[in-house]
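> Turn this into a model:
(one chain, ligands or ions: 1)
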Amino acid sequence: MDQTRPSSGSVEAEPYPFPLAVAATALVVIDMQRDFLEPGGFGDALGNDVSLLRATIDPLAAVIAAARAAGMVVVHTREGHRADLSDLSPAKHRRGNFALKIGDSGPMGRILVRGEEGHDIIPELAPIAGEPVIDKPGKGAFYATDLEAILRSRGIARLVVCGVTTEVCVHTTVREANDRGFDCLVLSDCTGSYFPHFHEAALAMIKAQGGIFGWVASSSALLAALSGA
Ligand code: TIU
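Down below sits the predicted model:
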């Protein structure tokens, strides 16, 4: 097959079209949590301008709606820790320019702790019944989680990856998925970073070298493919 030419049932992507196989594809939404997107959470405590991530919300809401309508598996992840912090390594606890550390009390409850308000997925993108929510203690969604078992049991071989932040949890997850044999398409406008130049570089790294980690496309390309599928 000439991989550089578009074919029907594929998403216009770089470095070449991503074949669309809805039944074997999951939409994976990474860490669209208050702790990263709203003031007073973990992202804010690290000294970031959290408003930079909010441009992802509307396009991602449209993608989630289209994926649900097409019958795609939709999976959400959340970064966070047990209330007793027993799954938090001392190294992760120490690291960062923290105003508040993980586990400290902030305006949205304890920072990056499961069950707290800040740990919730933002209301605009709330999961619906039947959609797996993966709680992860690390940056990658495969590390110390049952994500791989959940995907394999549903016959998933391909991932559309969205969420925040592009160069941290999205990238780590794509690298983990790639090494496990999943084909990953990352949506450029449904991922975001506190550092726009890191966002651009992270996307460039994924699609470089003939797609060394996967593919990159806009949400409009996925929506167009889904509407024709
Ligand atoms: N700090 C930062 O850019 N990201 C994270 O800590 N976690 C995620 O990316 N979810």
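
> neighbouring contacts of the longest strand along the chain?
Ranked by number of residues, the top strand in the chain under DSSP state E is strand 183-192. With contact meaning CB atoms under 8 Å, 6 or more residues apart in numbering, strand 183-192 is reached by 11, 13, 18, 52-56, 59-60, 63, 157-166, 170, 174, 177-178, 199, 202-203, 206, 213-219, 222. Any C-beta I mention is one placed from the backbone N, CA and C, and that applies to glycine too.

> And stretch 196-211, by the same measure?
14-16, 52, 165-167, 170-171, 174, 184, 186, 188, 191-193, 212-216.

> Dump the one helix or strand residue 69 maps to to CSV, restricted to CA.
According to DSSP states H and E, residue 69 maps onto helix 57-70. Only the C-alpha atoms of helix 57-70 are listed here, as CSV (Å, rounded to 0.1, in the frame of the first residue of the first chain):
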residue,chain,number,x,y,z
ILE,A,57,-12.2,22.2,25.5
ASP,A,58,-14.6,23.0,22.7
PRO,A,59,-12.9,20.9,19.9
LEU,A,60,-12.5,18.0,22.4
ALA,A,61,-16.2,18.2,23.3
ALA,A,62,-17.1,17.9,19.6
VAL,A,63,-14.7,15.0,19.1
ILE,A,64,-16.1,13.2,22.2
ALA,A,65,-19.7,13.7,20.9
ALA,A,66,-18.7,12.4,17.4
ALA,A,67,-16.9,9.4,18.9
ARG,A,68,-19.9,8.5,21.0
ALA,A,69,-22.2,8.9,18.0
ALA,A,70,-20.0,6.6,16.0
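
> where does the residue positioned nearest the centre of the chain land on pLDDT?
The chain has residue 30 as the residue nearest its centroid, 2.5 Å off, counting by CA atoms, centre = their mean. At residue 30, the model reports a pLDDT of 99.

> Skip the chain neighbours and tell me the closest residue to it.
residue 163 (2.9 Å; CB to CB, 6 or more residues apart in numbering).

> Next one, pLDDT for that neighbour please.
In this model, residue 163 carries a pLDDT of 99.

> that's a helix at it, yeah?
No. Assessed with DSSP: H, G, I helix; E, B strand; the rest coil, residue 163 is strand; it does not lie in a helix.

> so it touches residue 75, yeah?
No. Contact criterion CB atoms under 8 Å: residue 163 and residue 75 do not qualify, at 10.6 Å.

> okay, now the residue nearest to residue 30: neighbour count?
Residues lying near residue 163 (other CB atoms under 10 Å) number 28.

> distance of residue 107 from residue 96?
18 Å (CB to CB, to the nearest Å).

> Sketch out the low-pLDDT regions of this protein for me.
Judged against pLDDT under 70, the low-scoring parts of the chain cover residues 1-8, 229.
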